[in-house]
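Okay, predicted coordinates and the sequence, questions at the end:
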There are 2 protein chains.
Amino acid sequence: MARVVVDVMPKPEILDPQGKAVTGALGRLGYEGLTVRQGKRFEVEVAGEVTDERLVEIRDAAEKLLANTVIETFDVRIDEV
Amino acid sequence: MARVVVDVMPKPEILDPQGKAVTGALGRLGYEGLTVRQGKRFEVEVAGEVTDERLVEIRDAAEKLLANTVIETFDVRIDEV
């Protein structure tokens, strides 16, 4: 079993209300100087080997299903466990 | 500006309905042999340098605010940009 990680983050120019809420809460709890943006992390367990074709397929799935590319960027990488 | 990444994932023994939904959707879209678990990714911009003390502070914040350690695990690391 190999694992591929897909990280999905809001684009820099897009407002990130979740991240803003977390940033505010951190400040109120006394953690200063931290600015947070919140995104999603998908851990994809792949049956069999992660070939280049498989990776293309996962990238395709990420673009179609995991990320909304109008407002989010995504990054696909093999996770070295 | 340095960046620290906090990854938060549901514990292995915890049901992950979001991940299950994504796994099901991938199958219906024709992507076979992929099992997904969904978590969160926080990108923390740190004002100033990321010292060891700073990292301890962020780990503390992650444990208190970013992760629910009853059902989630988290990982804090410096992001090499």
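Sure, I can see it.

check whether the longest helix along chain A contacts chain B.
The longest helix of chain A (DSSP state H) is helix A:17-28. Yes: Helix A:17-28 reaches chain B (CB under 8 Å from any CB of the partner chain) through A:Gly19, A:Val22, A:Ala25, A:Leu26. C-beta: built from backbone N, CA, C; applies to glycine.

Same check on stretch A:40-59?
Yes: applying CB under 8 Å from any CB, one finds stretch A:40-59 touching chain B at A:Lys40, A:Arg41, A:Phe42, A:Glu43, A:Val44, A:Glu45, A:Val46, A:Ala47, A:Gly48, A:Glu57, A:Ile58.

any chance of the residues you listed in JSON lines, plus distance to B:Thr73, pLDDT and secondary structure?
Below are those laid out as JSON lines (distance: CB to CB, whole Å; pLDDT from 0 to 100; DSSP: H, G, I helix; E, B strand; the rest coil):
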{"residue": "A:Lys40", "distance to B:Thr73": "16", "pLDDT": "98", "secondary structure": "strand"}
{"residue": "A:Arg41", "distance to B:Thr73": "12", "pLDDT": "98", "secondary structure": "strand"}
{"residue": "A:Phe42", "distance to B:Thr73": "15", "pLDDT": "98", "secondary structure": "strand"}
{"residue": "A:Glu43", "distance to B:Thr73": "11", "pLDDT": "98", "secondary structure": "strand"}
{"residue": "A:Val44", "distance to B:Thr73": "17", "pLDDT": "97", "secondary structure": "strand"}
{"residue": "A:Glu45", "distance to B:Thr73": "16", "pLDDT": "96", "secondary structure": "strand"}
{"residue": "A:Val46", "distance to B:Thr73": "21", "pLDDT": "96", "secondary structure": "strand"}
{"residue": "A:Ala47", "distance to B:Thr73": "24", "pLDDT": "93", "secondary structure": "coil"}
{"residue": "A:Gly48", "distance to B:Thr73": "26", "pLDDT": "91", "secondary structure": "coil"}
{"residue": "A:Glu57", "distance to B:Thr73": "28", "pLDDT": "96", "secondary structure": "helix"}
{"residue": "A:Ile58", "distance to B:Thr73": "23", "pLDDT": "97", "secondary structure": "helix"}
